[in-house]
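Q: Let me see the structure of the following:
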Amino acid sequence: MKALHWKLSFIIGLIILSIFMLYPTIDWYTKSAQDRERLEAMRERPKHILNLGLDLRGGTHLLLELEVEKLDKSEKLNDAMQRAIEIIRNRVDAYGISETPIAKVGTKWISVDLPGISKAETAESLIGKTAQLEFMLVDESTTAAKILEEIEKLDKPAIDSNGNIDPQIKKIIPSYLTIRKAKKGAQDSSETKYFVLENTVPITGAYLEDARVQTDSQFGMPYIAFSFNKEGAKIFENLTGRNIGRKLAIVLDDIVYTAPTIKDKIRKNGVIEGNFTMEEARDIALVLRSGALPAPVKIIEKRVVGPTLGADSIKKGIKASLIGLTLVILFMLVYYKGGGLIADIALMLNFLFLLATLSYFNATLTLPGIAGMILSLAMAVDANVLILERMREEIELKKPIPITISTSYEKAWSAIFDSNLTTWITSVFLFQFGSGPVKGFATTLTIGLVIGVFTSVYVTRTIYEFYLTSNPKRLSIF
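A: This next block holds a predicted model:
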């Protein structure tokens, strides 16, 4: 009896723990889309939640090409590709899209899925930035002033609608000019300002320790607050201490975002301001945290899945799952009576435990992943059918109820173990050699099989043992 109490306590404890682990997911997806976007920008997305994949949430698929000709000559292509993939994954994870499929394709291409990002500009900004952050002093000499005068004499805008620098300007100042893009974009040339910078780069983003979005208390405008590591803080302190009164340009990928005047010695912390929207500030902060790519990447293929299509997939998937689950539950109740009810309880717990486990590991759910879940649930039902059919055979042999239950589980175990083991081996190979949707299917199937064996054997047997404490006269399975 004491052992039975421990078993029941263990199962009840797992139920409570699963509900606790599922709560962040439920709470997150009951919020409005605007609230979720705001929390993601502030890096306040819950750590352990179930994410939705590209086919369910909508988003963008990109195929990137690493510009190998711009790699450092000392760096091997394979090493550069691995580093680029790792940096891209860090950027995507920091954006709040965990476990997204990112894979090497061929020798110099990278495939990336970005669930929830259906704006092509956002996807390109997130992935395509080389993220070369540099802190450079502004050249305020008479020579620099003459260069700026030459730019002002041009009859046409210095940058076109795509943000490209006019060739004439490049001829005049090939290594000094950077462009600060205004909030409204490059189309409005009056919103564009030019800076002539000194040749040297005293400190780069390689020394950054952190970068995050904050808002000012007066107007609520977002800006990027950054901090250096110990070595970078020492360099930055010397730089700002020697140049009080001068302007220091903060340059990201050859664009000057801000050039404040140094008013005092700064050791570790600083800010980047630039009339950003919250989304722009978030994107810049996360690419700074992730580091710089070994070489620029260009997008050679882009496919967008609209959120409406994803919502439609969710709606139809939920409908199909509910119909199938209802039919299975009803069949088990009608055909196996009380035994079917116990099997249905185990099925519900299987579903609860599986969702909680996926949420804890921050997994990404896709349509193939849902298929893996359904297959694992079907395997769990099949295990209960084997047990119940064996019980019917034992009852026909006129055996006592306690012996009928223990014998049924013992004799059904080998078939349950074999069927789950062979399926599990297959799913392991799918996970190892598959990619994208195939890996998602294998992941949910693998976890689901383990949980299915636990609920269909351990949980149901514990329920039967509890049922035996009431000294029943018969088993309701006919």
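
Q: can we go C-alpha only for contacts and neighbour counts from here?
A: OK.

Q: How about residue 222, nearest residue that isn't a chain neighbour?
A: residue 215 (4.2 Å; CA to CA, 6 or more residues apart in numbering).

Q: For the one you found, grab the count of nearby residues.
A: 14 (other CA atoms under 10 Å).

Q: Quick check: it vs residue 46, distance?
A: From residue 215 across to residue 46, the span is 21 Å (CA to CA, to the nearest Å).

Q: before we move on, what about residue 151?
A: To residue 46, residue 151 is 49 Å away according to CA to CA.

Q: Let me see the ranges of the helices in the stretch 351-478 of the chain.
A: Remark: helices assigned in the stretch 351-478 of the chain by DSSP state H, counting those that start in this stretch are 367-396, 401-433, 437-453, 460-468.

Q: Please identify the deepest-packed of these.
A: Greatest average neighbour count among these goes to helix 437-453 (a mean of 24), per mean count of other CA atoms under 10 Å.

Q: export that one as CSV, just CAs?
A: Coordinates of each C-alpha in helix 437-453 appear next as CSV, following Å, rounded to 0.1, in the frame of the first residue of the first chain:
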residue,chain,number,x,y,z
PRO,A,437,10.8,19.4,-40.9
VAL,A,438,12.1,15.9,-40.8
LYS,A,439,14.1,16.6,-37.7
GLY,A,440,11.1,18.2,-36.1
PHE,A,441,9.0,15.1,-36.8
ALA,A,442,11.7,12.9,-35.3
THR,A,443,12.1,15.0,-32.2
THR,A,444,8.4,15.0,-31.2
LEU,A,445,8.1,11.3,-32.1
THR,A,446,11.2,10.3,-30.0
ILE,A,447,10.0,12.2,-26.9
GLY,A,448,6.4,11.1,-27.5
LEU,A,449,7.4,7.4,-27.6
VAL,A,450,9.2,7.6,-24.2
ILE,A,451,6.3,9.4,-22.6
GLY,A,452,3.8,7.0,-24.3
VAL,A,453,5.4,3.9,-22.8
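
Q: and it with helix 367-396, angle?
A: Using axes from the mean of the first three to the mean of the last three CA atoms, to 10 degrees, the direction of helix 437-453 lies 30 degrees away from that of helix 367-396.

Q: Can you name the residues in contact with helix 437-453?
A: Here helix 437-453 makes contact (CA atoms under 8 Å, 6 or more residues apart in numbering) with 350, 353-354, 358, 364-373, 375-377, 379-380, 383, 416, 420, 424, 427-428, 430-432.

Q: Centre of the chain to that helix, how far?
A: 19 Å (CA atoms, centre = their mean, to the nearest Å).

Q: what does stretch 400-418 give?
A: Relative to its chain's centre, stretch 400-418 lies at 43 Å (CA atoms, centre = their mean).

Q: sorry, back to before: nearest to residue 90, out of the helices of the stretch 351-478 of the chain?
A: helix 437-453 (19.9 Å; CA to CA).

Q: what ranges of the stretch 201-350 of the chain fall below the confidence cut-off?
A: 274, 287, 290-292, 307, 310 (pLDDT under 70).

Q: Please enumerate the helices of it.
A: 230-242, 278-290, 307-360.

Q: okay, these, which one's buried deepest?
A: helix 278-290 (a mean of 22).

Q: This structure - how does it break down into domains?
A: 2-29+307-468, 59-127+301-305, 131-289 (automatic domain parsing).

Q: Excluding its own residues, what touches stretch 288-306? List them.
A: Contacts for stretch 288-306 (CA under 8 Å, 6+ apart): 54-55, 58-68, 70-72, 80, 83-84, 87-88, 90-91, 94, 118, 120, 124, 128-133, 205-206, 208-211.

Q: Quick one: end-to-end distance for it.
A: First residue to last in stretch 288-306 (CA to CA) measures 28 Å.

Q: how about that stretch: buried residues?
A: 288-299, 304-306 (16 or more other CA atoms under 10 Å).

Q: Out of these, list just those in strands.
A: Among the buried residues of stretch 288-306, the members found in strands (DSSP state E) are 297-299, 304-305.

Q: Not counting its neighbours along the chain, what's nearest residue 338?
A: Counting by CA to CA, 6+ apart, the residue nearest residue 338 is residue 476, at 4.9 Å.

Q: Compute the distance between residue 52 and residue 368, please.
A: The gap separating residue 52 from residue 368 is 12 Å, by CA to CA.

Q: same deal with residue 26?
A: Distance from residue 26 to residue 368, by CA to CA: 22 Å.

Q: returning to that earlier point: the residue nearest to residue 338 contacts residue 341, doesn't it?
A: No. In this structure, residue 476 is not within contact of residue 341 by CA atoms under 8 Å, at 9.8 Å.

Q: so what's in contact with the two at the same time?
A: By CA under 8 Å, 6+ apart, no residue touches both residue 476 and residue 341.

Q: all helices of the stretch 51-200 of the chain, in order?
A: Using DSSP H, counting those that start in this stretch, helices in the stretch 51-200 of the chain cover 54-57, 77-95, 120-128, 142-152, 167-172.

Q: Could you export the ones you listed as JSON lines, including mean neighbour count and mean pLDDT?
A: Listed next are the helices of the stretch 51-200 of the chain as JSON lines, based on neighbours: other CA atoms under 10 Å; pLDDT from 0 to 100:
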{"stretch": "helix 54-57", "mean neighbour count": "26", "mean pLDDT": "79"}
{"stretch": "helix 77-95", "mean neighbour count": "19", "mean pLDDT": "81"}
{"stretch": "helix 120-128", "mean neighbour count": "18", "mean pLDDT": "71"}
{"stretch": "helix 142-152", "mean neighbour count": "14", "mean pLDDT": "76"}
{"stretch": "helix 167-172", "mean neighbour count": "13", "mean pLDDT": "52"}
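
Q: of all those, which lies closest to residue 238?
A: helix 142-152 (24.6 Å).

Q: Can you spell out which helices and strands pack onto that closest one?
A: Counting contacts by 3 or more CA pairs under 8 Å, 6 or more residues apart in numbering; DSSP states H and E, helix 142-152 packs against strand 193-196.

Q: Restricting the selection to alpha carbons, write the strand it packs on to PDB.
A: Provided in PDB are the C-alpha atoms of strand 193-196 (Å, rounded to 0.1, in the frame of the first residue of the first chain):
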ATOM      1  CA  LYS A 193      24.200  64.000 -42.900                       C
ATOM      2  CA  TYR A 194      27.800  63.300 -43.700                       C
ATOM      3  CA  PHE A 195      30.900  62.800 -41.600                       C
ATOM      4  CA  VAL A 196      34.600  62.700 -42.400                       C
END
